[in-house]
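Trainee: Below: sequence and its predicted model.
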Amino acid sequence: MPTSSVNNKRIAKNTIVVYVRLIIVTIIGLLTSRLVLQRLGVSDYGLYSVVGGVITMFSVISGSMSGTTIRFLNYEIGKISGNPNRVFNLCNTTHIAFAIGILILAETIGLYYIYNYLNVEPGKEGDAMFVFQVSTIVACIGIINVPYQSVFIAKEKFLLLGIIDIVYAILKLGLVCLLLLYKGDNALRLYAIIMSVSTFLSFIIYHYLCYKYWPEMVRWKFQKVFKQYKEILNYNNYNILASFAYVGRSQGSNMLINYFFGTIVNGAYGIARTVEGFVMTFTVNFDSAAAPQITQNVGKGDIDQASNIACRSCRMCILLSLLAALPLYLEMGFVLKLWLGTVPEYTVSFCRYMIIAVVVAATGGGFLRLKDAMGKIKWFMIQYSFWYLLSFPIGYLSLRFGCPPETVVIIYVATDIVNRLCQIYLMKRIYDFDIVSFCKKAYTRPFVIIIIMVFYSIVYLQINFSSTFGHIIGLLATGLVALFLDYSIGLSKTEREKSFIYLKNHLRKK
């Protein structure tokens, strides 16, 4: 059985790999987003955001199924007499059925929304319908691909996964460059096709590599007995409920913004969601690197080791989110102007509130992985769904009574905080988990850093930089301050010593 030291080294190695991937993919993604925005314009970019988002609404739900697949594969791998092929085929069949269900919903409820409620400029109805139909195909392909992507994570092949993601990002950038060369009037339609082509190629690559490296695991064998699906479906149903709630909040807010303000503000909101995605990867990648070890240790019955990994993962996720959040929050206007050139109205405030939402979400790193691994998720998902769905009517009433569009993101933050407190309570109530000890180890150090950062921000915002050089110096200085706080306060003495020794040994090798 692997020792704790071996597990920690494996997590550290996986983390380094995913962050190298993160840096490369983020740079390419930022460039791609800028080119797309410049070519389409804010209105068409917003139209793609809201129409493509109707399908994203369904495909996000498949993310819950991805979590289910990864959880059961890892649990099965951790068992001495596990059968990963059986679990894979159960999950694969479920995904295929779900893709068919989404296709039916998209061609009924989705079309009804497009025809009756979508707020688009006159003459853009045909483009909206084309984007919707192409996005439907992309969503279904992506859902069927989820089990194959999950195998890479369950097998902890993060290097291979990183290479695929980098190639995928470069490919998408190359296709977007073709979009810039296109001089016709249907750039929005061409962009929708580009997204579908890149998704289909990803589908082919994941299938090919899975059959090459793990043929026994992914070998097709239909599981005929329905009761074999019961455990996975019972677990997955609550995940799907939570995903519906997440979609109701995120895409529902997008629809509310479209209804009250139109596609231009949707464009600003779409940019903010892109920024949210980039900052979120700082925490998601570390969380993903630790997840297999958490679940496999629960599968072996070593709850203490799983809890220790989850606690460390939670703290590190928050520290990483703060490392990205502080400089971006304070220099958001400058960063957006540098990135986009022309910054649409509301974009800066949208992005700042989104960054706060990411920091709050990071408090679930590791903690939620442990909850999922232990299996009893019913009440966690029910209360999560309640608070997330509550965001939609509150957002509607707020906008109806004249509140600015950023209000929907402020509601995000509030419901996330309440949701996390409820999850902590349920962890204690259901598992009799030592939540006090967990919170002290995971949250105390980051909380101290947040307090210091708040005071730093108050002082920093009083400075009026008048030049690009001043903004760059301020951005770099703030990044160094965040790094110093994370290192000196966020890490324990032992962690600081180990990181120093590792860095010294690495430099000697150079």
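Mentor: Received the coordinates, thanks.

Trainee: how near is Val360 to Ile318?
Mentor: Counting by CB to CB, to the nearest Å, the gap between Val360 and Ile318 amounts to 10 Å. No exception for glycine: its C-beta is placed from N, CA and C like everyone else's.

Trainee: what about the two, which has more around it?
Mentor: Neighbours around Val360 and Ile318, counted as other CB atoms under 10 Å, are more numerous at Ile318. The numbers are 29 against 19.

Trainee: Please state the offset of the helix or strand containing the more buried one from the chain centre?
Mentor: Assessed by DSSP states H and E, Ile318 sits inside helix 303-330. Between the centre of helix 303-330 and the centre of its chain there are 15 Å (CA atoms, centre = their mean, to the nearest Å).

Trainee: got it, and stretch 235-249?
Mentor: Computed by CA atoms, centre = their mean, the separation of stretch 235-249 from the middle of its chain amounts to 15 Å.

Trainee: May I see the buried residues of that stretch?
Mentor: If you call a residue buried by 16 or more other CB atoms under 10 Å, then stretch 235-249 has these buried ones: 235-236, 238-249.

Trainee: quick one: which of those residues sit in helices?
Mentor: With DSSP state H as the criterion, helices contain 235-236, 238-249 from among these.

Trainee: what's downstream of the strand or helix carrying Leu40, the next helix or strand?
Mentor: Using DSSP H and E, the secondary-structure element containing Leu40 is helix 4-78. Past helix 4-78, heading to the C-terminal end, the next element that is a helix or strand (DSSP H and E) is helix 84-105.

Trainee: Mind checking the pLDDT average for that next one?
Mentor: Helix 84-105 shows an average pLDDT of 85 in the prediction.

Trainee: That helix packs against which elements?
Mentor: Contact partners of helix 84-105 among helices and strands, from 3 or more CB pairs under 8 Å, 6 or more residues apart in numbering; DSSP states H and E: helix 4-78, helix 125-154, helix 215-218, helix 227-261.

Trainee: Please enumerate residues in contact with the third one?
Mentor: I take that to be helix 215-218. With CB atoms under 8 Å, 6 or more residues apart in numbering as the contact definition, helix 215-218 has outside contacts at Pro84, Asn85, Phe88, Asn92, Pro147, Tyr148, Val151, Cys210, Tyr211.

Trainee: Apart from its chain neighbours, what residue comes closest to Phe386?
Mentor: If you skip the residues right next to it in sequence, Phe386 has Ala245 as its closest partner in space, 7.7 Å away by CB to CB, 6 or more residues apart in numbering.

Trainee: What residues of stretch 258-271 count as buried?
Mentor: Along stretch 258-271, the positions that meet the burial threshold by neighbour count (16+ other CB under 10 Å) are 258, 260-271.

Trainee: Ignore what I typed, I meant stretch 327-345.
Mentor: Within stretch 327-345, the residues scored as buried using 16+ other CB under 10 Å are 327-332, 334-340, 343-344.

Trainee: For Val298, state which of those residues is nearest.
Mentor: Minimum distance to Val298 across the buried residues of stretch 327-345 is 34.9 Å, recorded for Leu328 (CB to CB).

Trainee: For the closest one, which residues are in contact?
Mentor: Leu328 makes contact with Val275, Val279, Val335, Cys351, Ile355 under the criterion CB under 8 Å, 6+ apart.

Trainee: In terms of secondary structure, what does the helix or strand in which the second one is found contact?
Mentor: To tie it back to what came earlier, the one meant is Val279. With elements taken from DSSP H and E, the one containing Val279 is helix 263-300. Helices and strands in packing contact with helix 263-300 are listed as helix 4-78, helix 125-154, helix 227-261, helix 303-330, helix 347-362, helix 367-374; criterion 3+ CB pairs under 8 Å, 6+ apart.

Trainee: who touches the fifth one?
Mentor: Helix 347-362 is contacted from outside by 268-269, 271-273, 275-276, 279-280, 283, 317-318, 320-322, 324-325, 328-329, 332-333, 336, 340, 404-406, 409-410, 412-413, 416-417, 420, 450, using CB under 8 Å, 6+ apart.
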